[in-house]
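Enquirer: Kindly generate the corresponding structure for this input.
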Amino acid sequence: MKITRVAATPLHLPITVEAAGRSKTTSLSLCLVDVETDEGLVGTGMTAITEEEVIASVVNDIAAHALVGMDPMRHEQIWERLYWLLTPRGQSGYASHAIAALDLALWDLKGKALGQPCWRLLGGARAEVPVYATFGFAFFERDELADAARSWVERGFKRLKMTVGHHGLARRDEPRPLDALIAEDVQRIRAVREAVGPEVQIYIDANCSLDYFHALSLAQRVEDYGISFFEEPVSQNDIPNLVKLRQKTSIPLAAGQNEGQASRFRDMLAAQAVDVVQPNACITGGFTQCQRIAGMASAFNARFANGGAWPHHNMHLHAGLANGSLVEYHSVAVDCCRLVFDDLPVPSQGMLALPEKPGLGFEPNRERVAELAKRPGSRGAGKA
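Expert: Have a look, this model is predicted:
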């Protein structure tokens, strides 16, 4: 079996978020990648939280020419070729996203060729995974945030994540004083905790938007609210700052959803900078590299979880590997995927059951994708 065609489709998708009686219109981009063989099989991968137009160009104009004629079942060989083609001197960024989408397409194709779902090919550790719902976005007022939290608990979710920091460093010249931002975050976290009670787990995510000083201030002021982990608290996932922060808070720290190189996870683990590493299959080099990172986490006796959304791809990784754990059910990203894919599984009582269909177990709706592809690109605005 040989690869005959590789093609990427950039998509900039309209999304309406409805919660607590309020609607918010936003947009989110992703890039679909198809790998087709001479036997007629097609595997489909994707990536997101990046410029979809750039990824499509990387795949269509560079990677596709290198992959045609290769054996799609030899994913390690292909991953190595893509690494030296796209990241020859240790770069990350767009290359990591492109490799992730291509790698996922190859695993989807492999599953179809062998008649097995990806999670079984990855090890088959479990047939369902626990999820946490990312629901708490910056556009909610405090009371709306509390109402939304109660609504998700009523739907059977006992693990909830909310954003904090709210682009603090990126928007500090508006001005938006970071001290005021942190003070409001404390009140928002308190409102959610009071709304859902002590039994529900709460996670917070600053999306690398804070400096060390303000991340520490926030962590120390919300420790009494029982935070299950603080995700990407400091800018750039700066390892020395993560180490200092971890020494001064009882809240577990998590990071890694947007990291592209396995060596970054090695450095975080060796420095004891985080409690939870969070490679994302759609960003961190696909299943092939995420398995390596999960192995490092196991060797360091550190937790390995999904951050950065896209649960229907990451669920295969965490169901396949013995040390797999939490999968992020990001409400906006899920709505985005529903526009593109059919047959996506839905969680029940906080658990997501894995499909038995070969490959990823779901397919893009080609007619909808063709229509969505007619929309203009995001021009940098597709990361929500």
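Enquirer: how about the helices in the protein?
Expert: 52-58, 64-67, 75-86, 94-114, 118-121, 142-154, 178-196, 212-222, 239-248, 262-270, 286-299, 311-320, 331-340, 366-372 (DSSP state H).
Enquirer: winner for burial among those helices?
Expert: Among the helices of the chain, helix 311-320 has the highest mean neighbour count (mean count of other CB atoms under 10 Å), at a mean of 27. Backbone N, C-alpha and C define where each C-beta goes, glycine included.
Enquirer: if we can go back for a sec, and Arg22, which of the helices of the chain is closest to it?
Expert: Closest approach to Arg22 among those is made by helix 142-154 (5.7 Å; CB to CB).
Enquirer: hang on, the earlier thing: out of the helices of the chain, which gets nearest to Pro347?
Expert: Counting by CB to CB, Pro347 lies closest to helix 311-320 out of those; the figure is 8.4 Å.
Enquirer: roughly how far is stretch 192-202 from the heart of the chain?
Expert: Offset of stretch 192-202 from its chain centre (CA atoms, centre = their mean, to the nearest Å): 24 Å.
Enquirer: which outside residues touch it?
Expert: Residues from elsewhere that reach stretch 192-202 (CB atoms under 8 Å, 6 or more residues apart in numbering): 132, 136, 145-147, 149-150, 153, 158-162, 189, 225-228.
Enquirer: can you list the helices of the chain in JSON lines and add distance to Thr25?
Expert: Formatted as JSON lines, those follow (distance: least, CB to CB, whole Å):
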{"stretch": "helix 52-58", "distance to Thr25": "19"}
{"stretch": "helix 64-67", "distance to Thr25": "34"}
{"stretch": "helix 75-86", "distance to Thr25": "35"}
{"stretch": "helix 94-114", "distance to Thr25": "25"}
{"stretch": "helix 118-121", "distance to Thr25": "33"}
{"stretch": "helix 142-154", "distance to Thr25": "16"}
{"stretch": "helix 178-196", "distance to Thr25": "22"}
{"stretch": "helix 212-222", "distance to Thr25": "29"}
{"stretch": "helix 239-248", "distance to Thr25": "35"}
{"stretch": "helix 262-270", "distance to Thr25": "35"}
{"stretch": "helix 286-299", "distance to Thr25": "31"}
{"stretch": "helix 311-320", "distance to Thr25": "23"}
{"stretch": "helix 331-340", "distance to Thr25": "11"}
{"stretch": "helix 366-372", "distance to Thr25": "16"}
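Enquirer: Out of the ones you listed, which gets nearest to Thr44?
Expert: Using CB to CB, the helices of the chain put helix 94-114 closest to Thr44, at 5.5 Å.
Enquirer: and the direction of the closest one versus that of helix 311-320, what angle?
Expert: Using axes from the mean of the first three to the mean of the last three CA atoms, to 10 degrees, one finds that helix 94-114 and helix 311-320 are set 70 degrees apart in direction.
Enquirer: same for helix 94-114, what does it pack against?
Expert: Judged by 3 or more CB pairs under 8 Å, 6 or more residues apart in numbering; DSSP states H and E, the packing partners of helix 94-114 are strand 22-37, strand 42-48, helix 52-58, helix 75-86, helix 118-121, helix 286-299.
Enquirer: That helix vs strand 42-48, what angle?
Expert: If you take the same axes, to 10 degrees, helix 94-114 sits at 150 degrees to strand 42-48.
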